[in-house]
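Participant: sequence and predicted structure below; questions after.
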Amino acid sequence: MLVTDRGKQGLHLNPHLSSLIELQTLDLRIAEIREQRRKIPERLAEAEAPLREAARLLKETTDSVEALVKERRARERDLEAHESQTEKLKARLSELKTNKEYQAYLFEIEMANKKKGEIEEQILILMEKIEQMQRTAKDAQAKVTEAERAFGREKKTLEELETKLDAELSELDRKQRELAATIDKGLFDRYTKLKAVRKDMALAPVRDGVCQGCRLQVPPQLVAEVKRSTELQTCPYCHRMLYWDGGPVEDVRVAPGAEKADDEVGEAV
Ligand SMILES: [Zn+2]
């Protein structure tokens with residue numbers, strides 16, 4: 001959790017600085033949560049991608065099944081038409097008079113039977129293809145169901161995260177507003193402008209003689225003044241407001257914590 005213990009505010013010789021450090025801690029955490037919050041729709045869309053892909057494949061295979069069935073029906077109609085033609089042809093048998101006509105008739109019948117065999121084979125091939133494609137469609141449907149479940153789980157997780165972040169954010173916003181109200185307006189405006197210009201921190205700790213905002217070495221005299229902490233000092237390079245950080249090295253961006261103030265008192269007094 002955040003270190004926002006107001007009781008430690010007085011530990012800095014400059015109380016303005018304590019409040020600002022605390023405010024920055026809140027602001028950094030707020031920015032972090034907003035960033036996480038902002039990424040949720042993106043993460044949701046990402047989680048949905050496998051489902052969309054599975055659904056696309058299912059549509060593709062069911063469309064193929066439909067197209068093949070349509071083709072099979074067309075072939076079946078061809079076969080019917082062909083058969084009725086053959087029937088008409090056979091009905092002419094009694095009308096035949098010469099041997100020549102009979103020979104021609106036999107040839108036509110042979111041709112008709114050959115054609116019939118071809119259409120029947122086409123139908124068989126189509127039926128096999130349909131069966132195969134139906135199996136593929138069944139697999140695709142199973143994959144869609146699986147992807148739906150996975151997406152549902154991820155969606156729930158993200159929705160829970162969203163709720164949690166929103167709650168944390170509104171709590172932090174409340175604390176931030178309360179704290180900001182206690183800070184001198186001129187100082188608060190300066191802090192806000194610096195924060196906007198620097199895009200991250202308006203305040204930077206000095207550690208080992210280096211401004212942790214711009215990573216440049218600050219003059220020893222300035223380090224000493226920052227350590228005394230009686231007036232607000234700014235970094236000559238990045239113009240961030242400086243504060244003394246005699247504590248152990250840790251990630252100041254997450255928590256330039258007030259707990260380190262205990263050490264500072266010992267050193268500053
Ligand atoms: Zn600097």
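Facilitator: Cool, got the structure. Numbering: from 1, shown residues only.
Participant: which residue ranges form the helices in the stretch 1-150 of the chain?
Facilitator: Listed in chain order, the helices of the stretch 1-150 of the chain (DSSP state H, counting those that start in this stretch) span 15-38, 40-91, 99-182.
Participant: closest one to the ion among these?
Facilitator: Proximity to the ion, assessed across those by Cβ to the ion, is greatest for helix 15-38 (14.5 Å). Glycine gets a C-beta too; all of them are placed from N, C-alpha and C.
Participant: quick one: that closest one to helix 40-91, angle?
Facilitator: With axes from the mean of the first three to the mean of the last three Cα atoms, to 10 degrees as the basis, helix 15-38 and helix 40-91 are set at 0 degrees to each other.
Participant: quick check: residues of this structure near the ion?
Facilitator: Residues of the chain lying close to the ion (Cβ under 5 Å from the ion) are 211, 213-214, 235, 237-238.
Participant: for the helices of the stretch 1-150 of the chain, which one sits closest to L203?
Facilitator: Closest approach to L203 among the helices of the stretch 1-150 of the chain (Cβ to Cβ): helix 15-38, 5.0 Å.
Participant: mind giving me the packing neighbours of that closest one?
Facilitator: Applying 3 or more Cβ pairs under 8 Å, 6 or more residues apart in numbering; DSSP states H and E, we find helix 15-38 packed against helix 99-182, helix 185-198, strand 203-207, strand 241-244.
Participant: which residue, other than its chain neighbours, is closest to R198?
Facilitator: R240 (6.5 Å; Cβ to Cβ, 6 or more residues apart in numbering).
Participant: burial measure for the one you found, as a count.
Facilitator: 23 (other Cβ atoms under 10 Å).
Participant: next one: V218
Facilitator: Other residues within reach of V218, judged by other Cβ under 10 Å, total 21.
Participant: now for L203: which residues touch it?
Facilitator: L203 is in contact with 17, 20-21, 24, 191, 213, 240-243, 256, counting by Cβ atoms under 8 Å, 6 or more residues apart in numbering.
Participant: what's the most distant pair in those?
Facilitator: Taking Cβ to Cβ, the two most distant members of the contacts of L203 are L17 and G213; they sit 14.7 Å apart.
Participant: helix, strand, or coil at G246?
Facilitator: coil (DSSP: H, G, I helix; E, B strand; the rest coil).
Participant: for it, give its distance to the ion.
Facilitator: 18 Å (Cβ to the ion, to the nearest Å).
Participant: also V226?
Facilitator: With distances taken as Cβ to the ion, V226 is found 11 Å from the ion.
Participant: isn't that residue right up against M241?
Facilitator: No. The criterion here is Cβ atoms under 8 Å, and V226 misses it with M241 at 9.6 Å.
Participant: mind listing the shared neighbours of those two?
Facilitator: In terms of Cβ under 8 Å, 6+ apart, V226 and M241 are both contacted by the residues Q233.
Participant: hmm, back to that, just give me the least confident of the contacts of L203.
Facilitator: On pLDDT alone, P256 ranks lowest of these, at 45.
Participant: pull the contacting residues for the spatially most central residue of the chain.
Facilitator: The centre of the chain sits closest to R43, judged by Cα atoms, centre = their mean, with a distance of 2.0 Å. Residues near R43 by Cβ under 8 Å, 6+ apart: L158.
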